[in-house]
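*Asks:* how does the following fold in three dimensions:
(chains A, B and C)
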Amino acid sequence: MFNSIPIGIYYPGKSLIHRLQARTKLLVMFWLVIFFILANHHFWHFVPYIIAAVLLFATIALAGISPLYLWQRMWLLVVFALIGIFPTILFYSASGTAPLRTLGPLLVSYGLLRQITAVYGVLLVICLPLFILPLPALQRTRQRGWFKFARFLLILLTIVAVGFLWITRSMPSSGNLPVGPIVITYDGVWLEITLFVVFLALFAFSLLLTMTTSPIALIEGLTKLLTPLRWLRLPVDDFALMTLISLRFIPTLFEEVELLVKAQTARGADLMHGSVRERLQSLAALFIPFIQATLRRAADLATALEARGYEVDGRQTFLHETSFRAADYLVLATVAVVTIGALLW
Amino acid sequence: MNQAPLIDIQQISFTYPGYKTSRGEVQPIPALRDVILSIQPGEYLALLGHNGSGKSTLARHCNALLTPDSGRVLVAGQDTSMRANQRAIRDMVGMIFQNPDNQIIATVVEDDIAWALTVRGMPAALIVERVADAMEAVGITHLRGLPPHKLSGGQRQRLAIAGVLALRPQCIIADEATSQLDPLSRQEIAALLQQLNREHGLAVIQVTHLLEEAALAKRIIVMEQGQIVMEGPPPVIFADPERLRQLKLAIPEPIELAARLRRVGFPLSPWALTVEAIARELVQ
Amino acid sequence: MKDPIILTKHLSHTYQSKHAGPLQKAALIDINLEIARGSCVAIIGVTGSGKSTLVQHFNGLLRPTSGTVIVNGIDVNARKIDRAALRQRVGMLFQFPEAQLFERTVYADVAFGPRRMKLGRREIRTRVINALDMVGLPHKEFAPRSPFELSGGQKRRAALAGVLAMSPSVLVLDEPTVGLDAAGRSEFYAYLQRIQQEQGVTIVLVSHDMAEVAALADWLFVLHEGQLVMQGEPRHVFSESDALRQYGLATPPLSELLSLLRKAGMSISEEVFTLEEAFSALSAIKKVPGKGY
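*Replies:* Below you'll find the predicted structure:
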């Protein structure tokens, strides 16, 4: 069941990007984040974003990964991001910015609103028998999931209606309730588009990072980069080991959880049906054994690590991260020059 | 044989710290009582006993995972209770555990074997060489790039053995390492340990409750309630099935059959303890 | 067979996966079997032969890709099937079942299943007490204790009680004694046989352990690469040790021995299977020297 979770998994390859050191790629990612923050301050300056896009496409080409493959992993995110744009464009307002378009305030009279509420009330009363009469046909309908949801919505609406009537009871019927106005500014549009681009670009870059770098190389690279922190007495080596072990156990944990779910389901545990109390018990039936198993596993692993002579003294040999080569320096230099140039243009 | 023993256990006793039961009692568990044992280099030894007899506890004193409350354990002359010695001791005495999964820590087979070596800061070239040798010795070279969850239980234990071998130890302890495996994998691992003992002179300590596994050893130590109750080569131990039953150990049927046939006059050698050996003897 | 409790006809199952496409490997191919009511059967085969897939059809965890599975008269594939009822009727114990214990007391954990069945409190209490006594954990002593205090073998039996309390007519056990020592194992077998005899429960074992299977099962099914390749009484199946080796399976040590002796020319009847029978047969041969090997 869990086997088909496609995240940015490592795909071995021989491309230029694959052969770079993990540190190079991590440093470039880190720099790109700073780059975008700096670029964002300069409104209506498109050059940095164009450069970023060019870099992205260049990386895709150099990594030997088909754009289609990348798109398959990103399209859902693009859709969400697009949906997310609209509310923010509509409601972003900073003083002193030129408005692009104003959707003028909609004026709705209180009288009209009260009439609508009255009609709603009448309809509710008419439908009341549906909720109450103990006819078998109706009782079956009442059990359905959608009915319970609809009932919940209606209760909410009723509360809002009653609240509205109470709060506005002293307003005259001819008075107006202003809805809006909604102001779309130039700057708002700019901000949204750039954030959209940045979001997707960073996501794409990080996908590329994980696709071209094996997990252990990433961990070793990160450990090397964090070496200075060791002098601050931070547990950098332990961090590397923790990350490695976590990665190692993800597939194993999936298998275990699957088995546990089957075992408890066979006993009747059900998260979807039953009273709240029963569902909480079913949750405990999954959660507690899982925690137990994890604690046992941690104890076993600790013993095994001790038996293999694990001691933290910073002497670790790195098998996957070796040293910077010409290609690494070249890439770092190119990215630096191009991005700084774009910012200063 | 006047060699200095590899592992010298000098009258040790050990008690696990207590745990609270649901009634709030704290139960200390005396696990070892006055155990004296010495293990020679290159020896193949079985620690036999039912669950709770103290065999795992004793085994864990051999690589300094546990240190005795009284008495001392010397590994190649070094006292296990001194912290400074512990890494050197664990280089000499390696251990593989019961749960094949909970001893593998890297994402890829090669990296797991190399791990203990990278932690010691060995040069990369040396590590690569040792990893290749270890994989060869246990026969998993063809699995080198796989993640551990794609391996069978038997293959995972072989991976664990390779990880130990990479440190070039003098002794390997298998702590109930086959109890979660299916019968064929169990035979595989037993055969591998025998091979390592014969061809590389590696001392093997097999902690088990299965008589058929103990039968492969040169010497069997039987434990009960933290004490050594029987000691000797397999024929001596298996000559008393009643005693073994009292110690909650199950006698494999072929061995039981051989014992009964011997009693009614069949000329069977007491060293015939595997199915093949018994068959050979009967046919003659 | 008249009125088998489980019946499969041309059962096939292929796991659906987005990635594999039309070239997916079938987990089960055309399985036809019948399991007699109240018997104890074992399904043996190497890892990947389809054993777990097969038994998961019996309690509705999986549905056949094609073919039918009928459990106690109910077609598992039918549209309106009450899956919960089927789960109660066919109890399943997975590997290392002690991992599923989670409640604060043994009583509460064993009562988890019956509570889901919406039984009255008195009925639940009766069932829990009976189940605990049935597995050798006398309720007076064990019911109030925390499940995490018990020994490995005891925990396993507590998990068994949890499934028994649901009063299943079929009990499916996946590798029930893996990891237990000899004492734990023989205890488990004893209680299993008692359950089968006293409560008339049909037992389906999935196991690697040939000695276990030889001791407990009345009938064996051998799976290999998703197909049912052999079936029969243990004594007959295990006498075919060459065929079994082909399927990656060992035979119980005693059968192995007898097979070697027969191959070397000793005239031991094919019917000889248990320790007693082997002893008698061999003593008989020895007593008449020159009888010829």
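*Asks:* up against chain C, what does chain B have?
*Replies:* For chain B, the residues in contact with chain C (CB under 8 Å from any CB of the partner chain) are B:21-22, B:50-52, B:98, B:152, B:179-180, B:182-184, B:187, B:209, B:212, B:248-250, B:252-254, B:256-257, B:260-261, B:264-266, B:275-276, B:278-279, B:282-283. Using the backbone N, CA and C atoms, a C-beta is placed for each residue, glycine as well.
*Asks:* chain neighbours aside, what residue packs nearest to C:Glu103?
*Replies:* C:Asp109 (3.8 Å; CB to CB, 6 or more residues apart in numbering or on different chains).
*Asks:* which helices and strands does whatever helix or strand that neighbour lives in pack with?
*Replies:* For C:Asp109, the host element (DSSP states H and E) is helix C:106-116. Using 3 or more CB pairs under 8 Å, 6 or more residues apart in numbering or on different chains; DSSP states H and E as the contact test, the elements touching helix C:106-116 are helix A:276-307, helix C:121-134, helix C:152-164.
*Asks:* what angle do the second one and helix C:106-116 make?
*Replies:* Read that as helix C:121-134. Using axes from the mean of the first three to the mean of the last three CA atoms, to 10 degrees, one finds that helix C:121-134 and helix C:106-116 are set 130 degrees apart in direction.
*Asks:* got any ranges where chain A has weak pLDDT?
*Replies:* Regions of chain A meeting the criterion pLDDT under 70 cover residues A:1-8, A:89-98, A:103-104, A:134, A:136, A:138-145, A:174, A:178-182, A:312, A:314.
*Asks:* you'd agree B:Leu261 is in a strand?
*Replies:* No. Going by DSSP: H, G, I helix; E, B strand; the rest coil, the assignment for B:Leu261 is helix, not a strand.
*Asks:* in contact with it, which residues are there?
*Replies:* B:Leu268, B:Leu282, C:Phe279, C:Leu282, C:Ser283, C:Lys286 (CB atoms under 8 Å, 6 or more residues apart in numbering or on different chains).
*Asks:* do you know how far it is from B:Leu282?
*Replies:* According to CB to CB, to the nearest Å, B:Leu261 and B:Leu282 sit 8 Å apart.
*Asks:* what do these two both touch?
*Replies:* In contact with both B:Leu261 and B:Leu282: B:Leu268, C:Leu282, using CB under 8 Å, 6+ apart.
*Asks:* now for the residue in chain B that chain A sits nearest to, how many residues are close by?
*Replies:* Using CB to the nearest CB, B:Gly121 is the residue of chain B that sits closest to chain A, at 3.2 Å. The number of residues packed near B:Gly121 is 12, by other CB atoms under 10 Å in any protein chain shown.
*Asks:* that one - that's part of a strand, no?
*Replies:* No. Read with three-state DSSP, B:Gly121 is coil and lies in no strand.
*Asks:* setting aside sequence neighbours, what's the nearest residue to it?
*Replies:* In space, B:Gly121 is closest to A:Arg315, 3.2 Å off (CB to CB, 6+ apart).
*Asks:* tell me where the chain has helices.
*Replies:* Since no chain was named, I'll use chain A. A:16-19, A:22-40, A:47-63, A:67-91, A:110-132, A:136-143, A:145-167, A:186-212, A:215-225, A:227-230, A:236-266, A:276-307, A:326-344 (DSSP state H).
*Asks:* ah, I was thinking of chain B
*Replies:* B:55-61, B:83-92, B:109-119, B:124-138, B:153-165, B:183-200, B:211-214, B:234-238, B:241-246, B:253-263, B:275-283.
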